[in-house]
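Trainee: Next comes the sequence, and after it the predicted model I'd like to discuss.
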Amino acid sequence: MKRILSLLLACITLLSLVSCAGAPASPTSTQEAPAPETTPETASPGNSAHSYDPNSKGKKILFLGGSITCGGGASAYDNGWACLAFDGIGKELYGEDVQMINSSISGTGSLVAAYRLEEHVLKFCPDLVFVEFAVNDNSMAKSSAQLVISSMDYIVRSLVEVNPNVAITFVYTTQSDGQNASEAHHKVAERHGIPEIDLRAPMMAQISQGHAWEEYLKDGAHPNDNGHKFYADQVIAAVLADPERYKAPVTLGKAIGLVKFNDPHIEYVENIADLQLNNFTIQDANDKEKALPELVVKKAAVSESVGATLNYEFEGNNFAIYHRISENGGAFSVYIDGKLIANVNCYNAGSDSYLARFYRSGIGSGKHTVTITVTDAEPSKKNVAIAGFCVG
(Lines give C-alpha, C1' and ligand atoms only; values in the text may rest on other atoms or scores of the structure.)
Protein backbone atom coordinates (compact mmCIF):
# COMPACT_ATOMS: atom_id res chain seq x y z
CA MET A 1 0.00 0.00 0.00
CA LYS A 2 1.34 3.38 -0.97
CA ARG A 3 0.20 6.32 1.08
CA ILE A 4 1.31 9.91 0.93
CA LEU A 5 1.82 10.65 4.61
CA SER A 6 3.74 13.22 6.53
CA LEU A 7 2.20 12.54 9.94
CA LEU A 8 0.96 9.50 11.83
CA LEU A 9 -1.66 11.59 13.51
CA ALA A 10 -3.34 14.12 11.26
CA CYS A 11 -5.96 16.74 11.82
CA ILE A 12 -7.27 15.54 15.20
CA THR A 13 -9.73 18.12 16.47
CA LEU A 14 -12.07 18.32 19.44
CA LEU A 15 -15.76 19.05 19.79
CA SER A 16 -14.94 22.73 20.00
CA LEU A 17 -14.03 22.85 16.32
CA VAL A 18 -17.09 24.81 15.31
CA SER A 19 -16.98 24.25 11.58
CA CYS A 20 -16.87 20.47 11.93
CA ALA A 21 -19.17 20.18 14.90
CA GLY A 22 -21.89 21.88 12.93
CA ALA A 23 -22.42 24.93 15.12
CA PRO A 24 -22.61 28.14 13.10
CA ALA A 25 -19.85 30.70 13.10
CA SER A 26 -20.54 34.34 13.81
CA PRO A 27 -24.06 34.96 12.46
CA THR A 28 -22.93 38.06 10.60
CA SER A 29 -20.17 36.14 8.87
CA THR A 30 -22.13 33.33 7.28
CA GLN A 31 -25.84 33.96 7.12
CA GLU A 32 -26.17 35.88 3.86
CA ALA A 33 -27.46 33.72 1.00
CA PRO A 34 -25.53 33.97 -2.28
CA ALA A 35 -26.95 35.83 -5.23
CA PRO A 36 -27.22 33.64 -8.34
CA GLU A 37 -24.97 34.96 -11.08
CA THR A 38 -25.55 32.45 -13.83
CA THR A 39 -27.89 29.73 -14.96
CA PRO A 40 -27.10 26.01 -14.67
CA GLU A 41 -26.86 25.74 -18.45
CA THR A 42 -24.05 28.32 -18.70
CA ALA A 43 -22.05 27.67 -15.54
CA SER A 44 -18.72 25.99 -16.20
CA PRO A 45 -15.55 25.18 -14.26
CA GLY A 46 -12.29 26.97 -14.86
CA ASN A 47 -9.69 25.55 -17.20
CA SER A 48 -7.29 23.51 -15.11
CA ALA A 49 -3.58 23.48 -15.86
CA HIS A 50 -3.58 19.74 -15.17
CA SER A 51 -4.70 16.87 -17.37
CA TYR A 52 -4.89 13.12 -16.94
CA ASP A 53 -2.26 10.95 -18.60
CA PRO A 54 -3.99 7.72 -19.72
CA ASN A 55 -0.58 6.07 -20.01
CA SER A 56 0.40 6.73 -16.41
CA LYS A 57 1.06 3.67 -14.31
CA GLY A 58 -1.01 2.89 -11.26
CA LYS A 59 -4.28 4.32 -10.00
CA LYS A 60 -4.95 7.02 -7.43
CA ILE A 61 -7.76 7.02 -4.88
CA LEU A 62 -8.16 10.48 -3.36
CA PHE A 63 -10.09 11.41 -0.22
CA LEU A 64 -11.41 14.98 0.05
CA GLY A 65 -13.05 16.13 3.24
CA GLY A 66 -12.65 17.68 6.67
CA SER A 67 -11.25 16.49 9.98
CA ILE A 68 -13.33 13.29 9.98
CA THR A 69 -11.61 12.19 6.79
CA CYS A 70 -8.27 13.42 8.19
CA GLY A 71 -8.76 10.84 10.93
CA GLY A 72 -10.06 13.25 13.56
CA GLY A 73 -10.95 11.42 16.77
CA ALA A 74 -8.96 8.27 15.96
CA SER A 75 -6.04 7.18 18.14
CA ALA A 76 -3.76 7.20 15.08
CA TYR A 77 -4.04 8.40 11.48
CA ASP A 78 -4.02 4.82 10.17
CA ASN A 79 -7.12 4.10 12.26
CA GLY A 80 -9.15 6.74 10.41
CA TRP A 81 -11.99 5.61 8.16
CA ALA A 82 -10.24 6.77 4.98
CA CYS A 83 -7.14 4.67 5.62
CA LEU A 84 -9.19 1.66 6.67
CA ALA A 85 -11.46 1.97 3.64
CA PHE A 86 -8.47 2.24 1.31
CA ASP A 87 -7.02 -0.91 2.86
CA GLY A 88 -10.28 -2.73 2.16
CA ILE A 89 -10.98 -1.57 -1.38
CA GLY A 90 -7.80 -0.28 -3.01
CA LYS A 91 -6.31 -3.50 -4.31
CA GLU A 92 -9.74 -5.01 -4.90
CA LEU A 93 -10.58 -2.20 -7.30
CA TYR A 94 -7.26 -1.49 -9.00
CA GLY A 95 -4.73 -4.19 -8.10
CA GLU A 96 -1.37 -3.80 -6.42
CA ASP A 97 -0.33 -0.54 -8.07
CA VAL A 98 -2.75 1.78 -6.29
CA GLN A 99 -2.02 4.89 -4.25
CA MET A 100 -3.94 6.68 -1.51
CA ILE A 101 -3.96 10.48 -1.39
CA ASN A 102 -5.64 12.27 1.50
CA SER A 103 -6.31 15.90 0.54
CA SER A 104 -8.55 16.62 3.53
CA ILE A 105 -8.17 19.67 5.78
CA SER A 106 -9.69 19.91 9.24
CA GLY A 107 -12.55 22.34 9.68
CA THR A 108 -13.10 22.99 5.99
CA GLY A 109 -16.14 22.34 3.84
CA SER A 110 -16.92 22.18 0.14
CA LEU A 111 -16.57 25.96 -0.38
CA VAL A 112 -12.94 26.05 0.72
CA ALA A 113 -12.39 22.83 -1.22
CA ALA A 114 -13.54 24.59 -4.39
CA TYR A 115 -11.00 27.34 -3.80
CA ARG A 116 -8.13 24.94 -3.14
CA LEU A 117 -9.12 22.33 -5.71
CA GLU A 118 -6.54 23.24 -8.34
CA GLU A 119 -3.70 23.32 -5.83
CA HIS A 120 -4.57 20.32 -3.66
CA VAL A 121 -6.65 17.93 -5.78
CA LEU A 122 -6.58 18.42 -9.54
CA LYS A 123 -2.79 18.29 -9.65
CA PHE A 124 -2.99 14.59 -8.77
CA CYS A 125 -5.47 13.74 -11.57
CA PRO A 126 -7.13 11.07 -9.39
CA ASP A 127 -9.01 8.04 -10.74
CA LEU A 128 -11.48 7.72 -7.84
CA VAL A 129 -12.48 10.46 -5.39
CA PHE A 130 -14.43 10.10 -2.14
CA VAL A 131 -15.94 13.46 -1.12
CA GLU A 132 -16.96 13.85 2.54
CA PHE A 133 -18.26 17.24 3.66
CA ALA A 134 -21.68 16.30 5.05
CA VAL A 135 -20.90 17.42 8.61
CA ASN A 136 -18.75 20.44 7.81
CA ASP A 137 -21.27 21.77 5.27
CA ASN A 138 -24.20 21.46 7.65
CA SER A 139 -24.26 25.07 8.89
CA MET A 140 -23.75 26.55 5.43
CA ALA A 141 -26.44 24.29 3.97
CA LYS A 142 -28.92 25.82 6.40
CA SER A 143 -28.07 29.42 5.55
CA SER A 144 -26.81 29.18 1.95
CA ALA A 145 -27.83 25.84 0.47
CA GLN A 146 -27.22 27.07 -3.07
CA LEU A 147 -23.61 27.91 -2.19
CA VAL A 148 -23.07 24.33 -0.98
CA ILE A 149 -24.73 22.94 -4.11
CA SER A 150 -22.64 25.22 -6.33
CA SER A 151 -19.40 24.30 -4.55
CA MET A 152 -20.05 20.57 -4.83
CA ASP A 153 -21.12 20.94 -8.45
CA TYR A 154 -17.95 22.89 -9.26
CA ILE A 155 -15.80 20.20 -7.60
CA VAL A 156 -17.45 17.44 -9.63
CA ARG A 157 -17.25 19.22 -12.97
CA SER A 158 -13.63 20.27 -12.40
CA LEU A 159 -12.61 16.69 -11.59
CA VAL A 160 -14.25 15.47 -14.80
CA GLU A 161 -12.57 18.24 -16.77
CA VAL A 162 -9.16 17.01 -15.63
CA ASN A 163 -9.94 13.30 -15.99
CA PRO A 164 -13.00 12.41 -18.11
CA ASN A 165 -12.87 8.88 -16.66
CA VAL A 166 -12.83 9.90 -13.01
CA ALA A 167 -15.18 8.08 -10.62
CA ILE A 168 -16.64 10.01 -7.68
CA THR A 169 -18.54 8.93 -4.57
CA PHE A 170 -20.21 11.19 -2.00
CA VAL A 171 -19.93 9.98 1.61
CA TYR A 172 -22.36 11.23 4.27
CA THR A 173 -21.06 11.19 7.85
CA THR A 174 -23.19 12.41 10.74
CA GLN A 175 -23.31 14.14 14.10
CA SER A 176 -24.94 12.80 17.24
CA ASP A 177 -27.95 15.05 16.57
CA GLY A 178 -28.40 13.30 13.22
CA GLN A 179 -27.86 16.46 11.20
CA ASN A 180 -25.75 16.82 8.08
CA ALA A 181 -25.79 18.44 4.63
CA SER A 182 -26.67 15.29 2.69
CA GLU A 183 -29.88 16.81 1.30
CA ALA A 184 -27.92 19.54 -0.52
CA HIS A 185 -25.19 17.13 -1.60
CA HIS A 186 -27.78 14.67 -2.90
CA LYS A 187 -29.07 17.23 -5.40
CA VAL A 188 -25.62 17.29 -7.02
CA ALA A 189 -25.19 13.52 -6.85
CA GLU A 190 -28.60 12.97 -8.41
CA ARG A 191 -27.90 15.43 -11.23
CA HIS A 192 -24.65 13.70 -12.22
CA GLY A 193 -25.47 10.09 -11.29
CA ILE A 194 -22.85 9.96 -8.54
CA PRO A 195 -22.96 7.04 -6.07
CA GLU A 196 -23.73 7.98 -2.47
CA ILE A 197 -22.78 6.13 0.70
CA ASP A 198 -25.02 7.16 3.58
CA LEU A 199 -23.32 6.51 6.92
CA ARG A 200 -25.96 8.32 8.94
CA ALA A 201 -28.72 5.73 8.45
CA PRO A 202 -26.71 2.70 9.65
CA MET A 203 -25.33 4.75 12.54
CA MET A 204 -28.81 5.83 13.58
CA ALA A 205 -29.90 2.19 13.32
CA GLN A 206 -27.21 1.26 15.84
CA ILE A 207 -28.47 3.93 18.22
CA SER A 208 -32.07 2.80 17.83
CA GLN A 209 -30.96 -0.70 18.77
CA GLY A 210 -29.67 0.51 22.13
CA HIS A 211 -26.11 1.53 21.40
CA ALA A 212 -24.89 4.86 22.79
CA TRP A 213 -23.47 7.61 20.61
CA GLU A 214 -20.36 7.55 22.80
CA GLU A 215 -19.57 4.09 21.48
CA TYR A 216 -18.93 5.65 18.04
CA LEU A 217 -18.45 9.43 18.34
CA LYS A 218 -16.01 10.76 20.92
CA ASP A 219 -17.40 14.31 20.92
CA GLY A 220 -20.64 14.26 18.99
CA ALA A 221 -18.97 14.61 15.59
CA HIS A 222 -15.54 12.99 15.39
CA PRO A 223 -15.57 9.18 15.48
CA ASN A 224 -13.42 7.27 17.93
CA ASP A 225 -11.56 4.18 16.69
CA ASN A 226 -14.75 2.14 16.83
CA GLY A 227 -16.69 4.80 14.93
CA HIS A 228 -14.02 5.11 12.24
CA LYS A 229 -14.05 1.34 11.80
CA PHE A 230 -17.84 1.36 11.59
CA TYR A 231 -17.72 4.04 8.88
CA ALA A 232 -15.00 2.19 6.98
CA ASP A 233 -16.85 -1.12 7.15
CA GLN A 234 -19.93 0.50 5.62
CA VAL A 235 -17.90 2.04 2.80
CA ILE A 236 -16.04 -1.19 2.08
CA ALA A 237 -19.24 -3.24 2.04
CA ALA A 238 -20.98 -0.80 -0.31
CA VAL A 239 -18.08 -0.58 -2.77
CA LEU A 240 -17.30 -4.30 -2.87
CA ALA A 241 -20.98 -5.17 -3.33
CA ASP A 242 -20.93 -3.34 -6.67
CA PRO A 243 -17.34 -2.38 -7.57
CA GLU A 244 -18.07 -1.55 -11.19
CA ARG A 245 -20.60 1.08 -10.14
CA TYR A 246 -18.08 2.84 -7.92
CA LYS A 247 -15.39 2.67 -10.61
CA ALA A 248 -17.67 3.96 -13.34
CA PRO A 249 -16.81 7.36 -14.85
CA VAL A 250 -19.10 10.24 -13.93
CA THR A 251 -21.59 11.16 -16.63
CA LEU A 252 -22.19 14.86 -16.21
CA GLY A 253 -25.65 16.31 -16.38
CA LYS A 254 -26.30 20.03 -16.77
CA ALA A 255 -24.58 22.16 -14.15
CA ILE A 256 -26.80 22.60 -11.13
CA GLY A 257 -24.86 25.30 -9.28
CA LEU A 258 -26.21 28.84 -9.64
CA VAL A 259 -23.24 30.59 -8.03
CA LYS A 260 -20.57 31.19 -10.63
CA PHE A 261 -16.93 30.52 -9.72
CA ASN A 262 -14.29 32.22 -11.83
CA ASP A 263 -10.90 30.53 -11.40
CA PRO A 264 -11.30 30.01 -7.64
CA HIS A 265 -7.99 29.86 -5.78
CA ILE A 266 -6.25 30.89 -2.57
CA GLU A 267 -3.93 33.89 -2.64
CA TYR A 268 -1.45 33.50 0.20
CA VAL A 269 -0.29 36.60 2.08
CA GLU A 270 3.39 35.80 1.53
CA ASN A 271 2.87 36.18 -2.23
CA ILE A 272 0.79 39.39 -2.27
CA ALA A 273 3.05 42.28 -3.23
CA ASP A 274 0.59 45.12 -2.51
CA LEU A 275 -0.70 43.83 0.83
CA GLN A 276 -0.94 46.75 3.27
CA LEU A 277 -0.02 45.83 6.84
CA ASN A 278 -0.39 48.04 9.91
CA ASN A 279 0.88 46.25 13.05
CA PHE A 280 0.64 42.91 11.25
CA THR A 281 3.82 40.96 10.48
CA ILE A 282 4.42 37.99 8.17
CA GLN A 283 5.42 35.05 10.36
CA ASP A 284 5.70 31.27 10.20
CA ALA A 285 2.17 29.87 10.17
CA ASN A 286 2.93 26.97 12.55
CA ASP A 287 0.58 24.77 10.55
CA LYS A 288 1.72 21.15 10.62
CA GLU A 289 -1.26 18.86 11.13
CA LYS A 290 -1.85 17.79 7.56
CA ALA A 291 -1.65 14.47 5.72
CA LEU A 292 0.09 16.02 2.70
CA PRO A 293 2.98 18.49 2.71
CA GLU A 294 1.18 20.43 -0.04
CA LEU A 295 -1.65 21.27 2.38
CA VAL A 296 0.54 22.93 5.00
CA VAL A 297 0.24 26.72 5.25
CA LYS A 298 3.74 28.21 5.29
CA LYS A 299 3.25 31.86 6.29
CA ALA A 300 0.56 34.07 7.82
CA ALA A 301 0.02 37.74 8.60
CA VAL A 302 -0.12 37.78 12.40
CA SER A 303 -1.10 40.41 14.96
CA GLU A 304 -2.07 40.60 18.62
CA SER A 305 -2.65 44.37 18.64
CA VAL A 306 -6.17 45.73 18.86
CA GLY A 307 -6.65 48.20 16.03
CA ALA A 308 -4.10 46.57 13.74
CA THR A 309 -5.27 46.55 10.12
CA LEU A 310 -4.66 44.60 6.95
CA ASN A 311 -5.82 45.88 3.54
CA TYR A 312 -6.14 43.76 0.43
CA GLU A 313 -7.64 44.44 -2.99
CA PHE A 314 -9.36 41.64 -4.88
CA GLU A 315 -11.53 41.18 -7.93
CA GLY A 316 -14.49 38.85 -8.02
CA ASN A 317 -17.96 38.03 -6.76
CA ASN A 318 -16.97 35.41 -4.16
CA PHE A 319 -14.59 35.89 -1.27
CA ALA A 320 -13.46 34.12 1.90
CA ILE A 321 -10.70 34.65 4.45
CA TYR A 322 -8.37 31.72 5.15
CA HIS A 323 -7.44 32.22 8.80
CA ARG A 324 -6.39 30.37 11.91
CA ILE A 325 -8.50 29.26 14.87
CA SER A 326 -6.77 28.31 18.11
CA GLU A 327 -6.96 28.40 21.89
CA ASN A 328 -5.30 31.82 21.70
CA GLY A 329 -7.53 33.02 18.87
CA GLY A 330 -8.68 36.63 19.03
CA ALA A 331 -11.21 38.43 16.86
CA PHE A 332 -11.34 40.67 13.81
CA SER A 333 -13.80 42.77 11.87
CA VAL A 334 -14.21 42.55 8.11
CA TYR A 335 -14.93 45.64 6.02
CA ILE A 336 -15.57 45.34 2.28
CA ASP A 337 -15.45 48.58 0.32
CA GLY A 338 -15.61 50.50 3.60
CA LYS A 339 -18.71 48.74 4.93
CA LEU A 340 -18.64 46.59 8.06
CA ILE A 341 -19.66 43.11 6.95
CA ALA A 342 -18.84 40.78 9.83
CA ASN A 343 -17.12 40.20 13.15
CA VAL A 344 -15.16 36.95 13.25
CA ASN A 345 -14.06 35.05 16.35
CA CYS A 346 -10.88 32.99 15.95
CA TYR A 347 -11.12 31.19 19.31
CA ASN A 348 -11.51 27.42 19.57
CA ALA A 349 -10.51 25.49 22.67
CA GLY A 350 -8.22 22.59 21.85
CA SER A 351 -8.10 23.42 18.14
CA ASP A 352 -5.41 24.73 15.83
CA SER A 353 -6.34 24.86 12.18
CA TYR A 354 -6.60 27.17 9.17
CA LEU A 355 -10.10 27.44 7.73
CA ALA A 356 -12.64 30.03 6.60
CA ARG A 357 -15.24 31.20 9.10
CA PHE A 358 -15.91 34.27 6.99
CA TYR A 359 -17.17 33.91 3.43
CA ARG A 360 -19.35 35.99 1.17
CA SER A 361 -20.92 35.41 -2.23
CA GLY A 362 -22.82 37.84 -4.39
CA ILE A 363 -20.49 40.78 -3.68
CA GLY A 364 -20.61 41.92 -7.29
CA SER A 365 -18.13 41.86 -10.13
CA GLY A 366 -15.20 44.25 -10.29
CA LYS A 367 -12.53 45.27 -7.81
CA HIS A 368 -13.13 45.40 -4.07
CA THR A 369 -11.06 46.34 -1.03
CA VAL A 370 -11.21 44.31 2.16
CA THR A 371 -9.96 45.67 5.47
CA ILE A 372 -9.35 43.37 8.42
CA THR A 373 -9.17 45.07 11.82
CA VAL A 374 -8.15 43.29 15.02
CA THR A 375 -10.83 43.90 17.65
CA ASP A 376 -11.17 43.51 21.39
CA ALA A 377 -11.03 39.99 22.75
CA GLU A 378 -10.26 38.38 26.09
CA PRO A 379 -6.75 39.41 27.20
CA SER A 380 -5.43 35.84 26.93
CA LYS A 381 -7.08 35.28 23.56
CA LYS A 382 -5.83 37.84 21.04
CA ASN A 383 -3.97 36.10 18.21
CA VAL A 384 -5.19 36.80 14.66
CA ALA A 385 -3.42 34.96 11.85
CA ILE A 386 -4.47 35.45 8.22
CA ALA A 387 -2.96 32.92 5.83
CA GLY A 388 -4.61 34.17 2.67
CA PHE A 389 -7.75 34.97 0.75
CA CYS A 390 -10.07 32.73 -1.23
CA VAL A 391 -11.06 34.57 -4.40
CA GLY A 392 -12.91 33.76 -7.57
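Mentor: Okay, I see it.

Trainee: Can you give me the distance of His186 to Lys254?
Mentor: Using CB to CB, to the nearest Å, His186 is found at 17 Å from Lys254. Heads up, the C-betas are built off the backbone N, CA and C, glycines and all.

Trainee: So between the two, which is more surrounded?
Mentor: Using other CB atoms under 10 Å, the more surrounded residue of His186 and Lys254 is His186, with 18 against 12.

Trainee: Leaving aside the residues adjacent along the chain, what's closest to the more buried one?
Mentor: For His186, ignoring the flanking residues on the chain, the nearest one in space by CB to CB, 6 or more residues apart in numbering is Glu196 at 6.6 Å.

Trainee: give the contact list for that neighbour.
Mentor: Shown in contact with Glu196 (CB atoms under 8 Å, 6 or more residues apart in numbering): 169-172, 182, 185-186, 189.

Trainee: elements contacting the host helix or strand of Val235?
Mentor: Assigned by DSSP states H and E, Val235 belongs to helix 225-241. The contact analysis (3 or more CB pairs under 8 Å, 6 or more residues apart in numbering; DSSP states H and E) places helix 225-241 against helix 81-94, strand 196-198, helix 200-208.

Trainee: try 6 Å
Mentor: helix 81-94 (3 or more CB pairs under 6 Å, 6 or more residues apart in numbering; DSSP states H and E).

Trainee: packing partners for the helix it packs on?
Mentor: The elements that helix 81-94 packs onto, with contact taken as 3+ CB pairs under 6 Å, 6+ apart, are strand 59-65, strand 98-102, helix 225-241.

Trainee: and among these, the most buried is which?
Mentor: Among the helices and strands packed on helix 81-94, ranked by average contacts under mean count of other CB atoms under 10 Å, first place goes to strand 59-65 (a mean of 24).

Trainee: thinking again about what came up before, what sits opposite the residue nearest to His186 in the beta ladder?
Mentor: Taking DSSP bridges as the rule, Glu196 bridges to Phe170.

Trainee: Name the residues that touch the helix holding Val235?
Mentor: Residues from elsewhere that reach helix 225-241 (CB atoms under 6 Å, 6 or more residues apart in numbering): 74-75, 79-81, 84-85, 88-89, 197, 199, 202, 216-217, 246.

Trainee: show me where pLDDT drops low in the stretch 101-250 of the chain?
Mentor: The stretch 101-250 of the chain contains no residues with pLDDT under 70.

Trainee: just the strands in it please.
Mentor: 128-132, 167-172, 196-198 (DSSP state E, counting those that start in this stretch).
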